[in-house]
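Chemist: 3D, please:
(chains A and B)
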Amino acid sequence: MKNNNPISPHIQIYNWHISSLVSISHRISGVINFIFFIFLSGWILLSILLGQSYEIFYSFYNTIFGKFFLISIIWSFSFQILSEIRHLFWDFGYGFELRISNISGLVVIFGSFILTIFIFLVGRQII
Amino acid sequence: MVQINLPENSKVQKGKYYKDKTGSKNIRKVNVYRWDPSSSEKPRIDTYEVDMDNCPSKVLDVLNKIKNEIDPSIAYRRSCAHGVCGSCAMNMDGKNGLACTKAHAEIKGDINIYPLPHLKVLKDLIGDLSTLYKQYESVQPWLKTSKKTDKENIQSKEDRSKLDGLYECIMCACCSTACPSYWWNGDKYLGPAVLLQAYRWIIDSRDEDRKERLRKVADELKLYRCHTIMNCTNACPKGLNPAKAIAEIKKMLAASNI
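Modeler: Numbers count the residues shown, from 1 in each chain, chains lettered A, B, ... in the order given. Now for the predicted structure:
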């Protein structure tokens, strides 16, 4: 067959569903978490080796950007954990019905924000 | 590989506009993907104004009306017109489905009609499914048994019920072409339609080749490119669940020592 036939439009025209949205966010948050783990290890290592460098992180987290960064990371973790639990159920063969997968997808999306707020408040010792 | 943007020759242009000639008050705009292999032009979107007062209820009826009354050059596949043959699978309103079972009243705004996503276009709404058919052939979709009797090959009711939700598949390719994994790795990943068929033969109690079938499908690219995106189940016009079938294959592989 001729090779100059065009490829029909795909991601440009295809509707987003809850499940595909959660799936791509799962990937993205996974990559973010992976990078953050390297950052986290460096943080811990620096705090152990040089006590005063903890100050650098402390002042960073107290800037607006630092707080935004921290909250984003907490969200990314919350999302990853909830989505991973969903995947775990799938691996056992449960929750594939369209309705249930849509509900569990929504639970992951909204749950990740609720969990973020919860973790942030606990960390701030407000609750 | 993941390629978000369309290649240069696939970029969609604005096409012709066919104004309504009937003078009807109830007009809907229908945007249809067009590409003619005999010209060197890029694909385009033609817009048709269709008189909905004299049009039956399904998207296929709209296409038939366009072909019969407005523009006979438009090409699409169709045959049975009641969701049994799977010929008229296409992308309507951003979702794959059968044009003959999708009611146009369900679509809000203009009706956008594209061929099934990420296929080589043969003409207009006809995509090239030969890769998918080759993959279908590769799972050997027939019964393998050493029994050679003149009598029926009997199955218990429970064993038969395992095929429910699998045998109904009409191979319309709505699911496979809805799957982002299949878009990026369609040459290697088998895709939901073929994997559902593979599972249909794996789970058949009369088939004696289960282990070999599982071994064949147990491959990083053939099977495990499924990341449970669930676009397949969302798209299936017959209400089947390819995602679950794939998960069952994964489960069987995890439990067996292959």
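
Chemist: Counting neighbours, what do you get for residue 92?
Modeler: Here I'm looking at chain A. 10 (other C-beta atoms under 10 Å in any protein chain shown). The C-beta positions use only the backbone N, C-alpha and C, and glycine is treated the same way.

Chemist: wrong one, I was asking about chain B
Modeler: 23.

Chemist: Local confidence estimate at it?
Modeler: We note a pLDDT of 96 for B:Met92 in this prediction.

Chemist: Torsion angles phi and psi at it?
Modeler: phi -120, psi 130 (degrees, to the nearest 10).

Chemist: and it, what does it touch?
Modeler: Contacts for B:Met92 (C-beta atoms under 8 Å, 6 or more residues apart in numbering or on different chains) come out as B:59, B:99, B:102, B:107, B:111-114.

Chemist: try 7 Å
Modeler: Under the criterion of C-beta atoms under 7 Å, 6 or more residues apart in numbering or on different chains, the contact list for B:Met92 reads B:59, B:99, B:102, B:107, B:111, B:113.

Chemist: show me where the stretch 101-250 of chain B has helices.
Modeler: B:130-138, B:157-161, B:180-185, B:191-202, B:210-217, B:231-235, B:242-255 (DSSP state H, counting those that start in this stretch).

Chemist: buried sites along the first one?
Modeler: Of all the residues in helix B:130-138, those buried under the rule 16 or more other C-beta atoms under 10 Å in any protein chain shown are B:132, B:135-136.

Chemist: Which of those sits closest to chain A?
Modeler: Lowest distance from chain A to the buried residues of helix B:130-138 (C-beta to the nearest C-beta) belongs to B:Leu132, with 13.6 Å.

Chemist: The closest one: what's it in contact with?
Modeler: So B:Leu132 contacts B:173, B:176, B:191, B:193-194 (C-beta under 7 Å, 6+ apart).

Chemist: Chain A contacts on chain B?
Modeler: B:4, B:6-7, B:9-10, B:12, B:35, B:37, B:43, B:91, B:94-95, B:114-122, B:127-128, B:178, B:180, B:183, B:227-231, B:233-234, B:241, B:243-244, B:247-248, B:251 (C-beta under 7 Å from any C-beta of the partner chain).

Chemist: okay, the buried residues of helix B:130-138 in JSON lines with pLDDT and distance to B:Ile74 next?
Modeler: Shown next, in JSON lines, are the buried residues of helix B:130-138 (pLDDT from 0 to 100; distance: C-beta to C-beta, whole Å):
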{"residue": "B:Leu132", "pLDDT": "96", "distance to B:Ile74": "24"}
{"residue": "B:Gln135", "pLDDT": "96", "distance to B:Ile74": "29"}
{"residue": "B:Tyr136", "pLDDT": "96", "distance to B:Ile74": "28"}
